[in-house]
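Participant: When you get a sec, could you give me coordinates for this:
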Amino acid sequence: MFDEYIQSKFLRRLARFSCSVGFLIEGYQAGVLGGVQETKPFLDAIGHPGGTETIPLIASSSTLAAAFVSCLVMIIGMPLGRRNCIIIGNILITIGGVIQAASYSVPQIIVARVLCGAGIAFITCNVPMYMSEMSIEARERGPEVAINCSALLLGVALSYWVSFGFTRMTNQISWRFPIAMQSIFSIMSGISMFFLPDTPRWYYMRDRIEEGDKTLSRLYGVYRKGMPNYHDVPEIQDMKSTIMVSLRVEEESENKLTFLSIIWDNTPLRVGRRIRISFIILGIQQSMGINIMVYYMTRIFSEVGLSSFMASLIAALALTVQWMGSWVCIPTIERIGRRRIMMLTGSVQTFCLLIFVVLNMIENKTDATRWAAAMILFPYLFFYGWGWVGCPWLYGPEIAPLRYRHIGSAAGLLGVWVFTFITVFAGGIALKTVGARIWIWPLIFNVIAVIFVYFMCPDPTGKTLEEIDQLFAKDGALLDRLNQSDTEKECVHEVENSA
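Facilitator: Model (predicted):
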C-alpha cells in the first residue's frame, strides 16, 4: 500500500530510525538497572535479597537469554529474515518491559529480563545486517551502522539521566517508570519496521527475485506499481548481478561452512575464519571493561569515595561523554577506516585504564587521587565510544559471506552476550570481593584488542559487501571467478532485458 511513498531517502531514513531506536533499547536496558538497583524502593519491591550474587544475577540474566537466542538465530535467522526478527524482538521487549516494571519479586524480574534479553538478541543480531544490506553505496554502510551504535550509547546515557532524575523520588514510580520506558521505545521501533521491506540480498538469497528487484528499485527511488522501472537503471542491474554472482561463488561445495572449518579453515573464501573473527572481536569488545562500568558505574564512583548524589551525577555525565565519542565515529569510519580507528582508540584506552588501575591500587587515597581516578574514565569512555562500539558491531556482519551473514552476525552477538554475562556477573561479585584489582582484567583485554586487530583484521573500508570476499580469499582463489564475473553479469543483463 505504501510502496510508492516509502522509497529512496525516505525509506532509508525510516530504516535508520527503526534500527536506531532498536539499538537505543539495548543501551537503555543495559544501563537502566544500574541506575536503580541500589535504591531503597527497588530493593523494597524485590524483598531486599541477600547474598553478593543476587543483584549481579538479576543484571546478567538477560545476557544468558540473549546468548541462547543468538545461537537460535543461526538456525532460524535466514528463514525468518532480518525484518521479521527485528519485529519479533520488539514484541518480546514490549512484553518483558511491562512485566519487569510490574515486578514484586526476584524471580519475576528475572523472567522479565530474560524476555527482554531474548528480544534484544533478535534485534542486535539483525540490525547491523539490515542496515549494511540496505546500503546502496559502500561509503554509506559505515556511517549508517555507526549512527545505530551512537543510538545504543545514547540509550545508555539516557537510562542514567532518567534514573538520576527519578531516583530523587522515594516511591515505587522512581524505578518502575524508568524501566517501563523501554517498552515505549520498542513499540516505536516495531511499528516503523512494519512499514519496511526486508533487504534485497535476503530476497535474492531466498529466490524471491521479484521482491528483491522491487526493494532495489525502491532503494533507488524508481519503483512505480505495475511498472518494473529497475530495467532502465544500470546501477540496479549491476548491483543485482554482483549479488547473484557472489551467491553462486558461495554456493560452491568447497565454500560450504562446516563445524570443522570454523576451527580449522581451509575454504577458498576463508568462511570459517570470518565467522571466528566475528565472534572474537565482539567478545574482546565486551571484555574491555565497558560492561562493568555501565552496569555498576554508580557503585564504582561511590567506591572511589564520592557521595551517592555525586556518583549518580558523574556516572550520567561520563556515559554522555561516551555517547559524544560515538559522534566522531560517524564522519571518520569511512575516512580513517575501521582498522586504524580500533587500533588508535584501543591504545589510548589502554593508557587511560592503566592510570585508573594504578590510582585505585594506592592504599592511602587522597581526595585528589579519588577525583583523578574518576576523571580518567572520561577519556577512556570517549575513545571507547569512538572506536570500539560502531566498528566491531559493523565489522562482523560485513565480513561474513552473504549466505552465512546471519551466522556471522549471530556468532558475533554470541560473543557479546557470553562475555557480557561473564563480566557483569563475575565483575559485580569481584567489585565487592577483590576491589580495584578487577580492573587488571579489562586492562589486559585492551592490549589484546590492539594486537588482535593488527594481525587478524584486514580493513573492509570502501569495499562493497561482495568485494570483501577478496580480502579474505586465498591467493588466486577468486581469480577465475572474477574473470568470469563480467560474462555472468552480461548473461544476467540479457535475461533481464529479454524478460
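Participant: in the stretch 201-350 of the chain, which spans are helices?
Facilitator: 209-219, 234-251, 259-263, 271-286, 290-304, 308-332, 338-361 (DSSP state H, counting those that start in this stretch).
Participant: do the stretch 351-499 of the chain as well
Facilitator: Along the stretch 351-499 of the chain, counting by DSSP H, counting those that start in this stretch, helices occupy 367-375, 377-387, 390-399, 405-421, 427-433, 440-456, 469-472, 479-498.
Participant: Just the terminal-to-terminal distance for stretch 355-367.
Facilitator: 16 Å (Cα to Cα, to the nearest Å).
Participant: Packing partners of the host helix or strand of P128?
Facilitator: Using DSSP states H and E, P128 falls within helix 106-134. Under the contact criterion of 3 or more Cβ pairs under 8 Å, 6 or more residues apart in numbering; DSSP states H and E, helix 106-134 touches helix 8-36, helix 54-80, helix 82-101, helix 138-166, helix 173-194, helix 200-205, helix 390-399, helix 405-421. C-beta here means a position set from N, CA and C on the backbone, and glycine is covered the same way.
Participant: Put the alpha carbons of the fifth one into PDB.
Facilitator: What follows is helix 173-194 as a C-alpha-only set of coordinates in PDB (Å, rounded to 0.1, in the frame of the first residue of the first chain):
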ATOM      1  CA  ILE A 173       7.500   5.100  40.500                       C
ATOM      2  CA  SER A 174      11.100   6.100  41.000                       C
ATOM      3  CA  TRP A 175      12.300   2.800  39.400                       C
ATOM      4  CA  ARG A 176       9.200   1.400  37.700                       C
ATOM      5  CA  PHE A 177       8.700   4.200  35.200                       C
ATOM      6  CA  PRO A 178      12.400   4.300  34.000                       C
ATOM      7  CA  ILE A 179      12.300   0.500  33.400                       C
ATOM      8  CA  ALA A 180       8.900   0.700  31.600                       C
ATOM      9  CA  MET A 181      10.200   3.300  29.100                       C
ATOM     10  CA  GLN A 182      12.000   0.600  27.100                       C
ATOM     11  CA  SER A 183       8.500  -0.800  26.100                       C
ATOM     12  CA  ILE A 184       7.700   2.700  24.600                       C
ATOM     13  CA  PHE A 185      10.800   2.600  22.500                       C
ATOM     14  CA  SER A 186      10.200  -1.000  21.400                       C
ATOM     15  CA  ILE A 187       6.700  -0.100  20.200                       C
ATOM     16  CA  MET A 188       8.100   2.800  18.200                       C
ATOM     17  CA  SER A 189      10.800   0.600  16.600                       C
ATOM     18  CA  GLY A 190       8.400  -2.200  15.800                       C
ATOM     19  CA  ILE A 191       5.700  -0.100  14.200                       C
ATOM     20  CA  SER A 192       8.200   1.700  11.900                       C
ATOM     21  CA  MET A 193       9.800  -1.600  10.900                       C
ATOM     22  CA  PHE A 194       6.400  -2.900   9.900                       C
END
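Participant: how close does G155 get to S241?
Facilitator: Relative to S241, G155 is positioned 39 Å away (Cβ to Cβ, to the nearest Å).
Participant: Compare neighbour counts for those two and give me the winner.
Facilitator: Neighbours per residue, other Cβ atoms under 10 Å: of G155 and S241, the larger number sits with G155, 27 against 19.
Participant: and the more buried one, what does it touch?
Facilitator: When contacts are counted by Cβ atoms under 8 Å, 6 or more residues apart in numbering, G155 touches 23-31, 185.
Participant: That one and D238, how far apart?
Facilitator: Distance, G155 to D238, using Cβ to Cβ: 38 Å.
Participant: Same question for S103.
Facilitator: Counting by Cβ to Cβ - S103 and D238 are separated by 54 Å.
Participant: Would you mind telling me which of these two has the busier surroundings?
Facilitator: For S103 versus D238, neighbours defined as other Cβ under 10 Å are more numerous around S103 (21 against 13).
Participant: Phi, psi for that one please.
Facilitator: phi -70, psi 150 (degrees, to the nearest 10).
Participant: how near is it to V424?
Facilitator: 19 Å.
Participant: Ok, I109 next?
Facilitator: I109 is 15 Å from V424, by Cβ to Cβ.
Participant: which of these two has more neighbours?
Facilitator: More crowded of I109 and V424, by other Cβ under 10 Å: V424, with 26 against 22.
Participant: so what's that one closest to, chain neighbours aside?
Facilitator: Leaving aside its chain neighbours, V424 sits nearest to S60 (4.2 Å; criterion: Cβ to Cβ, 6 or more residues apart in numbering).
Participant: and that neighbour, how many neighbours?
Facilitator: For S60, the tally of surrounding residues (other Cβ under 10 Å) stands at 25.
Participant: And for I277?
Facilitator: Counted with other Cβ under 10 Å, I277 comes out at 24.
Participant: My understanding was that it contacts I399; is that so?
Facilitator: Yes: contact criterion Cβ atoms under 8 Å: I277 and I399 qualify, at 6.6 Å.
Participant: Next up, phi/psi of the spatially closest residue to I55 that is not a sequence neighbour, please.
Facilitator: Spatial nearest neighbour of I55, excluding adjacent residues (Cβ to Cβ, 6+ apart): Q37 at 5.6 Å. Phi and psi for Q37, reported as degrees, to the nearest 10, are phi -70, psi -20.
Participant: Check the one 10 residues further on too.
Facilitator: Torsion angles at G47 (phi, psi; degrees, to the nearest 10) stand at phi 80, psi 30.
Participant: check contacts around it.
Facilitator: Going by Cβ under 8 Å, 6+ apart, G47 touches 105-106.
Participant: And S189, how far from C116?
Facilitator: As judged by Cβ to Cβ, S189 and C116 stand 13 Å apart.
Participant: These two: which has the busier surroundings?
Facilitator: Legend: neighbour count by other Cβ under 10 Å for S189 and C116, higher for C116 (30 against 27).
Participant: Go ahead and confirm that one touches V98.
Facilitator: No: using Cβ under 8 Å as the test, C116 is too far from V98 to be in contact (10.2 Å).
Participant: was I right about I236 contacting K214?
Facilitator: No: shown here, I236 and K214 do not form a contact pair, counting by Cβ under 8 Å, at 10.7 Å.
Participant: Distance-wise, check the residue positioned nearest the centre of the chain relative to V434.
Facilitator: Nearest to the mean C-alpha position of the chain, by Cα atoms, centre = their mean, lies W393 at 4.7 Å. Counting by Cβ to Cβ, the separation of W393 from V434 is 30 Å.
Participant: do the same with E363
Facilitator: According to Cβ to Cβ, E363 stands 15 Å off from V434.
Participant: higher neighbour count, these two?
Facilitator: More neighbours surround V434 than the other of E363 and V434, with 12 against 4 (other Cβ under 10 Å).
Participant: Show the pLDDT at that one.
Facilitator: V434 is assigned 77 on the pLDDT scale.
Participant: The one 4 residues further on too?
Facilitator: Model confidence at I438, expressed as pLDDT, equals 84.
Participant: Tell me how many other residues crowd it.
Facilitator: 21.
Participant: Touching, it and G427? I think so.
Facilitator: Yes: I438 is in contact with G427 according to Cβ under 8 Å; the separation is 6.2 Å.
Participant: so where's the stretch 301-450 of the chain uncertain?
Facilitator: Residues of the stretch 301-450 of the chain meeting the criterion pLDDT under 70: 303-305.
Participant: residue contacts, the residue nearest to R224 when sequence neighbours are not counted?
Facilitator: Spatially, and ignoring its direct neighbours in sequence, R224 is nearest to E4 (6.3 Å; Cβ to Cβ, 6+ apart). Going by Cβ under 8 Å, 6+ apart, E4 touches 223-225.
Participant: could I get stretch 417-424 in CSV with only the CA atoms?
Facilitator: Below are the C-alpha coordinates for stretch 417-424, written out as CSV (Å, rounded to 0.1, in the frame of the first residue of the first chain):
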residue,chain,number,x,y,z
TRP,A,417,26.4,-12.0,25.4
VAL,A,418,28.7,-14.7,26.7
PHE,A,419,31.4,-12.2,27.6
THR,A,420,28.8,-9.7,28.9
PHE,A,421,27.5,-12.4,31.3
ILE,A,422,31.0,-13.2,32.5
THR,A,423,31.9,-9.6,33.0
VAL,A,424,28.6,-8.5,34.6
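Participant: Great, nothing more from me.
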